[in-house]
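J.: heads up, no residue letters with this:
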């Protein structure tokens with residue numbers, strides 16, 4: 001009788017924990033970000049029109065900033 005109650009309480013506790021965890025995950029993913037979204041009409045068209053030219057030739061004169069790094073060691 002005691003083991004049945006313990007198992008029942010453990011199962012209930014696990015259900016509550018899983019429900020709380022999923023609630024945190026789902027509400028955390030739906031958070032609003034600061035600032036305003038940019039509409040597609042506000043973005044300027046940067047395409048050059050020449051589809052045969054590779055991108056490294058089109059943008060060769062523009063400065064490049066490396067903002068990420070992956071260390072494979």
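T.: Perfect, thanks for sending it. On a predicted model such as this, the values are computed, not experimentally measured, just so you know.

J.: how about low-confidence regions in this protein?
T.: Flagging of the chain using pLDDT under 70 yields the residue ranges 1, 29-50.

J.: remind me, longest helix of it?
T.: Looking across the chain with DSSP state H, the single longest helix is helix 2-29.

J.: what's the next secondary structure element after that helix?
T.: Using DSSP states H and E, the helix or strand that follows helix 2-29 towards the C-terminus is helix 55-58.

J.: Give the buried residues for that following helix.
T.: Using 16 or more other Cβ atoms under 10 Å as the test for burial, helix 55-58 gives no buried residues. Just so you know, the C-beta spots here come from the backbone N, C-alpha and C atoms, and that holds for glycine as well.

J.: got the buried residues for the longest helix of the chain?
T.: So helix 2-29, judged by 16+ other Cβ under 10 Å, has zero buried residues.

J.: Let me know the secondary structure of residue 67.
T.: At residue 67 the chain is in coil, as set by DSSP: H, G, I helix; E, B strand; the rest coil.

J.: Tell me who's in contact with it.
T.: Shown in contact with residue 67 (Cβ atoms under 8 Å, 6 or more residues apart in numbering): no residues.

J.: Relative to residue 73, how far out is it?
T.: 20 Å (Cβ to Cβ, to the nearest Å).

J.: for residue 53, same thing?
T.: The separation that residue 53 has from residue 73, given Cβ to Cβ, amounts to 37 Å.

J.: Compare neighbour counts for the two and give me the winner.
T.: Each of residue 53 and residue 73 has its neighbours counted (other Cβ atoms under 10 Å); residue 53 has more, 10 against 2.

J.: Tell me the spacing between residue 3 and residue 24.
T.: For residue 3, the distance to residue 24 - Cβ to Cβ - is 31 Å.

J.: Repeat that for residue 67.
T.: Distance from residue 67 to residue 24, by Cβ to Cβ: 30 Å.
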